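**Student:** kindly return the folded structure for what I paste below:
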Amino acid sequence: MSRNPYVDLCLQLQALRRQAEEIRTPVAPALGVAGSVYTHQVANVLRVLTDVRVRHLLADEVGLGKTVQALMILNALRRQRRDLRALVIVPDRLVPQWRDELMTRSHAAPYETNQSEDGQYVRLAWEDQLRQEDSAGALRLALSDIDPTRYQVLIVDELHRLRADLQDRIVRVSGEFEHLLVLTATPSFQRPERHAQLFALLEPERAARARWEVVDAARELTVNEDLSKWPEWAAQQVIDALLERDRAAASTAEQNSLKDAAMALCAYRRVIRTRRVDYSGILPRRQHHPIVVEPLGAEVDRQTLLWRYFTHLDSLSARFDPVLLAKRAILSPPSIEQRVDFFRRRGHERDGLLERVKPLLHKSTGDSRADALVDLLAKIWADAPQERVLVAAQDNLTVDYLFGLVQSRLPEIGPIGARIRLVAARVRQGMETDAVEDLGGFGNETNENLEAFQRGEAQVLFAPEAAQVGLNLQCARVLVLYSVPWRPEEVEQWIGRLDRIGNAAAFSSEGAAHTIDVYTIAQCGLVDEKVVTVLGRFNAFERSVNLDGAHLAEVAKAIEDAALRPESARWRSLEERTAVMAAEDASQELTSALRPHLPWHVGWAAALRERLEGWRPVAPVIGDIPEYSSAGPKAWDRAIEPMLRLLDKAGEYHIRANSDPDTGTRFRTLWYRFGEVGMFGHRPVTAKVVFTFGADPAHERSPRHAHAFITRRADIGTPPLRSVTMMIDALPIRRKLRFASFGDQLHDEIIDNWASQQISLEALDVTYFDDHELWKHAEPGWFLLRMSTLDPAEALALQRTLEATKRAVAAAVTRSPSEKLVELMAPFSRAAHCALEADARWLRAALMARTNLCVRRKTPAGWQDVPQQCIAALMNPMAHQRAGLPRAATIPEPDPATKVELGQLRAGEQAGGVIWSAERSAFVDELRARLGVVAEEAGDALELASRELIRAAAALADAQERGNRAQITRAENVRDAAADVAAMTEAYWREREAWLRNCEAATIGLRPRERLVAAIRARRTTN
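**Tutor:** Just a heads-up that it's a prediction; the model follows:
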């Protein structure tokens, strides 16, 4: 098939237009993940991406989308450096969540061993792998796998939940990773050792300087020892040193320089803590509905007997936790019975108490809480039979018990006359681990049940305690706590399964927002009623619990102590104390003198979002975009759709609309077209871009291999679908569902390949149909097109600057042998590359990249500018009311006047100093602040290098005093290396500051880069 050069030119222009959207803001490639765009997420991501380096703690409250933010950042970093590798370390119970989020949102299928396959760049690792062996007998995860030479990005979720040796390894080597993200809704700032550990992660040089100060004053400590092994008082001194530096900077800074001082010296500058109250409208309001039932006589008797039994547990306390046993005693009758039988078999009977409890557990004695649950569910579903309800059932026995009881008592639900069958689902905790991925008591039934509940096929889901963390159930808004947890954080985790970003049940498209309804079922006069009251006074049900609160553990301990001794407990006093502690925790924030002066606040975030929503797609977009979605990220996504239609119409691919027969999800598929049959029956692929992934069209011709995709953010489900079904010859074919945006291979390979075409002047003879839109704006004749982009990041001259920096650093090596140069240079090379990329992102945020498509038309009066409507028509091969595309042919030479006009266009193009004149003042202020941050980080690095040199010199002096020649030689080598590293450090930071300082002049003189030039002789058909 011969190609149509005019259509190819239009496709190239659309790809360049898309690339221009990408460089307008560092947030653009981050938005390529399959997720909705929320104000705080965009703001947090931009804050991270524009810092001098990515080393941040994402500590947003539960449900605010920390995982999505991490994936957005990862997507942007990967788009900037295509060979990026990332290591994600999570607790066992979060593995399913991360695996699913990576595959559904970030276009990446993670690999979970040492070896990746084609296209995989994210390794997912978790704690249990440290105990697992592969087929060769090697551990699936070794501590040495946490290696900054193999991965550029390290992401750690819930660090404090990992085992100690894994935490220590992460802290020890984290400073060598180019990028670090730590995620937690429960930052351990109340424990000095964890607080200091987080500082060591986020501010490795600054924390190391503080450690040196502590070691200088306390000789029994070792500066290289893991922080977890330091005594509490020493860890606290590290924290105090960092906070004192913060306070001193605040006290000496002028009022107009406090923001700059905060960005450079605030102890918590890289801690991002978003609270729900800061962003109204994205999360629903919670409402607590306490249900208090009158207990049956048998229930009162058995609880009295069990609590008497607990007084005998002192002799068993070495083996059994009385708190856990007491909590078990208020679960379902089958759960209690199982524990009673266990103790009796093991000879732990006391005074015949368990024997008396046993008959009180027979099903004939009744269950007042189960009765209340059935009544509640019947009431909920009487008016809204499609309402989905999560029932927190704590353990497997209770899950199974309620699963069967509710279905037998409520086989049908809904209003009279319109009854429907109840469909229930359950997940069960595995017997060997508490990981959510092992919630599979029934094989693959867990995933099937979760998906059934998420899709709305099941109206109720019964879940055990392990589901508190790791499940995203934004599809529901009703939670029933059949057995109320005793710890506030457990209540928060349960509510957080529903109260999350994008809750479709609460924020539906119809009517006003609904509340997250939390029902507690407690028995009047018994322990669980008291516990509910205390938790209510702590605001555990209707407000987001501050999981970093100083009183969290104190409240939990008080409840447990009182519950174990209900008769002597002073519940009223505990309620009053709890209310006071709730007020204190609600007001508690990370406090430092400089933190209030950081520039990242809610107003800044709102303004950022408003700017993004005001940006239209880079012109010209083929065809019209509806006015209701003509600007903002949704419009950017939508603007790629006409390019895909043109690819279809031009014969590049078959692109077809589809609908999943199981879910009704609408999507499109893309597959190759093939040319005429040639020699040996070969039919060539007609597409200019053949993907590097998926089936090879040279061998696999069937459309069953088509790629399924969506392009509109509104089509992303909650939760996003990982795959869809399409029908081929009446057979269902399952395909991965792609979100065709930045980061997705299908999107990126189309855009990057079409944008990389030659930019030399091309002359085309194009014949448009007589009803083409062009003729409404112009007459036949010559048109000259020139597209250029002014990208502020090009002021860095990244590759040239990188090489110059490496040469300057290498020149500082004067003592070490030449064979050590590569080893000594490695960290500085990585640091320079990382810093230049960070500065490029910052420049694109400070000075928006500009794209200029200039089109001129030759007239008898000379060359004239063409209006936007005419440009859009000229470059739209589909702007007519008939089948087919305009015919085109290449002209050997354009009109001679074209080259003259092109030269004038090039000569008259304005440089950055003019184009960015309005932003210049704000840019200079931001540059000054950034130089201040760099200067402080340089001081930290130089101080540490000096410390290491002093220590190496002292070790050499000690070796010389002992007189051992071998030891002296080794010490001399270490001293020489330390001296070289100190000199290299100074050279690196000198270069780092110089290239940044030169940015102002470089951006002023920066010239636009030509991306496309073409001359079109437009003709009109006569038929």
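**Student:** apart from its neighbours in sequence, what residue is nearest P411?
**Tutor:** Nearest non-adjacent residue to P411, counting by CB to CB, 6 or more residues apart in numbering: L422, 6.2 Å away. For every residue, glycine as well, the C-beta is placed using N, CA and C.
**Student:** my guess is that neighbour meets R409, correct?
**Tutor:** No: at 9.6 Å, L422 does not count as touching R409 under the criterion of CB atoms under 8 Å.
**Student:** neighbour-wise, which of these two wins?
**Tutor:** Ranked by neighbour count (other CB atoms under 10 Å), L422 and R409 place L422 first, with 20 against 15.
**Student:** distance-wise, check that one relative to I380.
**Tutor:** 12 Å (CB to CB, to the nearest Å).
**Student:** could you look up the SS state of E1010?
**Tutor:** Three-state call for E1010 (DSSP: H, G, I helix; E, B strand; the rest coil): strand.
**Student:** tell me the bridge partners for it.
**Tutor:** Beta-bridge pairing for E1010 (DSSP bridges): S788.
**Student:** what do you get for the one 5 residues further on?
**Tutor:** Partner residues in beta bridges with A1015: A763, L784, with DSSP bridges as the criterion.
**Student:** which residues touch it?
**Tutor:** Contact analysis of A1015 by CB atoms under 8 Å, 6 or more residues apart in numbering lists L761, E762, A763, L764, W782, F783, L784, L785, I891, P894, D895, T898.
**Student:** now, of the residues you listed, which are buried?
**Tutor:** Buried by 16 or more other CB atoms under 10 Å: L761, E762, A763, L764, W782, F783, L784, L785, P894, D895, T898, out of those.
**Student:** measure the last one to W863 for me?
**Tutor:** Counting by CB to CB, the gap between T898 and W863 amounts to 9 Å.
**Student:** between these two, which contacts overlap?
**Tutor:** Both T898 and W863 are contacted by L784, under the criterion CB under 8 Å, 6+ apart.
**Student:** now the helices for the stretch 751-900 of the chain?
**Tutor:** 798-811, 821-846, 868-874, 896-908 (DSSP state H, counting those that start in this stretch).
**Student:** tell me what the third one is packed against?
**Tutor:** For helix 868-874, the helices and strands in contact under the criterion 3 or more CB pairs under 8 Å, 6 or more residues apart in numbering; DSSP states H and E are strand 850-859.
**Student:** ok, the strand it packs on: who's next to it in the sheet?
**Tutor:** When pairs are called by DSSP bridges, strand 850-859 turns out to pair with strand 781-790 (antiparallel), strand 862-865 (antiparallel).
**Student:** most tightly packed of these?
**Tutor:** Most buried of the strands paired with strand 850-859 by mean neighbour count (mean count of other CB atoms under 10 Å) is strand 781-790; its value is a mean of 22.
**Student:** dump that strand to CSV, restricted to CA.
**Tutor:** Written as CSV, here are the backbone C-alpha positions of strand 781-790 (Å, rounded to 0.1, in the frame of the first residue of the first chain):
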residue,chain,number,x,y,z
GLY,A,781,-2.9,27.8,-3.3
TRP,A,782,0.3,27.5,-1.2
PHE,A,783,0.4,27.1,2.6
LEU,A,784,3.5,27.1,4.7
LEU,A,785,3.5,25.4,8.1
ARG,A,786,6.1,25.6,10.8
MET,A,787,5.7,24.1,14.3
SER,A,788,8.2,24.9,17.1
THR,A,789,8.4,24.3,20.8
LEU,A,790,10.1,26.4,23.5
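**Student:** what about that strand, average pLDDT?
**Tutor:** Summarised as a single mean, pLDDT over strand 781-790 is 96.
**Student:** just how off-centre is that strand within its chain?
**Tutor:** 39 Å (CA atoms, centre = their mean, to the nearest Å).
**Student:** now the angle from that strand to helix 896-908?
**Tutor:** Interaxial angle, strand 781-790 versus helix 896-908 (axes from the mean of the first three to the mean of the last three CA atoms, to 10 degrees): 20 degrees.
**Student:** the closest residue to L927 other than its chain neighbours and A911: what is the separation?
**Tutor:** Closest residue to L927 apart from its sequence neighbours, by CB to CB, 6+ apart: E1000 at 6.0 Å. For E1000, the distance to A911 equals 13 Å [CB to CB].
**Student:** could you do M878 as well?
**Tutor:** Separation of M878 from A911 (CB to CB): 37 Å.
**Student:** just A261 next, same as before
**Tutor:** Counting by CB to CB, the separation of A261 from A911 is 34 Å.
**Student:** tell me how far W600 lies from N44.
**Tutor:** W600 sits 8 Å away from N44, taking CB to CB as the criterion.
**Student:** mutual contacts of these two, please.
**Tutor:** Counting by CB under 8 Å, 6+ apart, the contacts common to W600 and N44 are I272.
**Student:** quick one: which helix or strand includes the residue nearest to E112 when sequence neighbours are not counted?
**Tutor:** In this structure, E112 finds its nearest non-sequential neighbour in L124, 5.3 Å apart by CB to CB, 6+ apart. Per DSSP states H and E, L124 falls inside strand 122-126.
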